[in-house]
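> sequence and predicted structure, then a few things I'm wondering about:
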Amino acid sequence: MAGNKDLLPLLKETVSDAIGTEELFMEALRDMVKDEIKRHVRAKLDENPALREELKEAISLLMEAKAKEVYATLKIAKAGAKLGLTLVPEELKKQMSKELEKEMAAFMEKGL
């Protein structure tokens with residue numbers, strides 16, 4: 001019976017190693033497929049400069065939209081903080097306002 005208990009950890013380790021190897025293999029295959037797709041897309045874009053420019057413009061618009069989304073989210077957070085401060089007693093509001101101001105200044109410094 002003791003021999004069976006010794007075998008279980010060994011079997012678990014062997015199965016775990018096999019699964020890990022399989023996952024590594026599948027990940028490598030996925031990377032190879034991605035690389036081949038990228039190569040194919042780049043070749044098609046090289047053949048069609050107008051399409052390349054159109055795609056570049058669309059990506060630029062997307063990046064701008066994402067930046068505006070972040071900005072809008074920050075404005076919502078700011079408005080939410082102001083609203084929250086209006087609901088708080090005056091003495092606590094002053095303390096929170098000072099702390100929030102410090103946090104926002106630190107955040108902006110990190111972001112810039």
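That came through fine.
> residue 45 and residue 86, how far apart?
Going from residue 45 to residue 86 by C-beta to C-beta, to the nearest Å gives 53 Å. Every residue, glycine included, has its C-beta placed from N, CA and C.
> what of residue 6?
Counting by C-beta to C-beta, the separation of residue 6 from residue 86 is 68 Å.
> can you pull the contacts of residue 19?
With contact set as C-beta atoms under 8 Å, 6 or more residues apart in numbering, residue 19 has no partners.
> just the element for it, please.
Assigned by DSSP states H and E, residue 19 falls within helix 2-47.
> one more: residue 78?
With DSSP H and E as criterion, residue 78 is part of helix 49-86.
> can you check the pLDDT for residue 104?
At residue 104, the predicted lDDT confidence score is 86.
> so where's this structure shaky on pLDDT?
Scanning the chain for pLDDT under 70 picks out 1-5, 11, 15, 18, 112.
> domains of it?
With domains defined by automatic domain parsing, the chain comprises 1-47, 62-112.
> report the central residue of this structure.
residue 66 (12.9 Å; C-alpha atoms, centre = their mean).
> stretch 64-84: how far from the chain's middle?
Here stretch 64-84 is found 19 Å from its chain centre; the criterion is C-alpha atoms, centre = their mean, to the nearest Å.
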